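1. Provided below are the primary sequence and the corresponding predicted coordinates.
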Amino acid sequence: MTHDDEPTPERTDAHWVLAGLITLFGVVVFVGVVRQGHADSAVLFVALPVLLAAALALTPRRTAHGRVFAATTMALLVAAVALHEGAICVLLAAPLVYAVAHGTTALIRALKDANRAYAIVAVPLLLLPGLEGSGIAPRLDPEQTVEVARVVGLPVDRVAERLATGPRPTAVRSVPLRLLGVPTPGQVSGDGLDLGDRWMFGYHGSAHGPGGHLLAEVENVAPGRVGFRFVEDSSITARWFTWRHAELSWRAIDPGHTEVRVRVDYTRGLDPSWYFGPLQQVLLGAGVGHLLDMLALE
């Protein structure tokens, strides 16, 4: 009998017990979130994942990969409920978790089919790439930089005038940021491009956690260039990365067009670097693009 010819399993009492425990856990968390005044968030971040996890628990799987997929998905859904403030982290980590789970399953089945069960001792080696940042293995290149440039249809002097008025809240245009529900500033204050001028970016509280704010201060000024340091960061995004320095520059392309460039140095807070490094580059790039939108240059 091949793996694909395995008989379809029947639903047992164990499936019902697991589904019941998941549902009970979801009810407790749901009530707690509603009492905190987040009924809408409770439906999205608690009720929906719990229903999906319970449905998976009641669906027996025929193959090893099917069982691994169901177990992994249930674990991720329950984690998203228990850590609803970090649901974005669970979502972003899901592809990595699925890859490791199914890769390990495939390796074990291949070794078993080859009658070389002793080689299973090599399976723990699959964990080595994930040890980065755990304290056992060092972090690799946590200091990263993202840079975004945009050409706007304004003369350079008009661009300088608009930049000096500071950012303002605006709707998020980035598809990845909208789909993931990444927190973006809902309140912005401050202006000026002189030494000591400050810009404040405030985040509203949500199901991902309390809002907080980010405070940037102009620390150096040169023609067509301004550098910022971050003097305070209590924002929700601080759990994923730490802002270190930002630079805003602009230069004339022709009499009617100006290139505006934002460069941000940050410390990545998530490991392993080979997975979360590129991922955060993409998301931070979208975030810096949103900052350019808030500068109202178009």
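-> Received it, and whenever you're ready, just let me know what you need.

2. Now for the nearest residue to residue 197 once chain neighbours are set aside: which residues touch it?
-> The shortest distance from residue 197 to any non-neighbouring residue, by C-beta to C-beta, 6 or more residues apart in numbering, is to residue 218 (4.7 Å). Bear in mind the C-beta positions are built from the backbone N, C-alpha and C, glycine included. Residues near residue 218 by C-beta atoms under 8 Å, 6 or more residues apart in numbering: 192, 193, 194, 195, 196, 197, 198, 226, 227, 228.

3. cool, and residue 296?
-> Residue 296 neighbours (C-beta under 8 Å, 6+ apart): 162, 165, 167, 168, 170.

4. before we move on, what about residue 200?
-> By C-beta under 8 Å, 6+ apart, the contact set of residue 200 is 187, 188, 189, 190, 213, 214, 215, 216.

5. Identify the bridge partners of the last one.
-> Under the criterion DSSP bridges, residue 216 forms beta bridges with residue 199, residue 230.

6. contacting residues for it?
-> Going by C-beta under 8 Å, 6+ apart, the list of residues near residue 216 reads 198, 199, 200, 201, 228, 229, 230, 231, 243, 246.

7. and these, which are buried?
-> The neighbour-count test (16 or more other C-beta atoms under 10 Å) applied to these identifies 198, 199, 200, 201, 228, 230, 243, 246 as buried.

8. which residue ranges form the helices in the stretch 101-250 of the chain?
-> Along the stretch 101-250 of the chain, the stretches classed as helices by DSSP state H, counting those that start in this stretch are 156-164, 175-180.

9. Could you give the separation of the longest one from the chain centroid?
-> Its chain's C-alpha centre lies 33 Å from the corresponding centre of helix 156-164 when counted by C-alpha atoms, centre = their mean, to the nearest Å.

10. May I ask which helix or strand of the chain has the lowest mean pLDDT?
-> Sorting the helices and strands of the chain by mean pLDDT, DSSP states H and E puts helix 39-42 at the bottom, at a mean of 48.

11. My guess is residue 221 contacts residue 193. True?
-> Yes. With contacts counted by C-beta atoms under 8 Å, residue 221 reaches residue 193, the gap being 6.6 Å.

12. higher neighbour count, these two?
-> A direct count of neighbours by other C-beta atoms under 10 Å for residue 221 and residue 193 places residue 193 higher, at 17 against 13.

13. In contact with that one, which residues?
-> Residue 193 makes contact with 160, 163, 164, 218, 221, 226, according to C-beta under 8 Å, 6+ apart.

14. Go again with 6 Å.
-> 164, 226 (C-beta atoms under 6 Å, 6 or more residues apart in numbering).

15. Read off the pLDDT value for it.
-> As summarised for this prediction, residue 193 has a pLDDT of 93.

16. again with residue 22
-> Predicted confidence (pLDDT) for residue 22: 68.

17. Same question for residue 26.
-> pLDDT at residue 26 comes out at 68.

18. How about residue 12?
-> 73.

19. Quickly note the distance from it to residue 19.
-> 11 Å (C-beta to C-beta, to the nearest Å).

20. And for residue 268?
-> Per C-beta to C-beta, residue 268 is found 38 Å from residue 19.

21. same check, this time on residue 243
-> In terms of C-beta to C-beta, residue 243 sits 43 Å off from residue 19.

22. Now do the nearest residue to residue 178 once chain neighbours are set aside against residue 20, distance only.
-> Nearest residue to residue 178, sequence neighbours excluded (C-beta to C-beta, 6+ apart): residue 172, at 5.5 Å. Plainly put, residue 172 is 40 Å away from residue 20 if you go by C-beta to C-beta.
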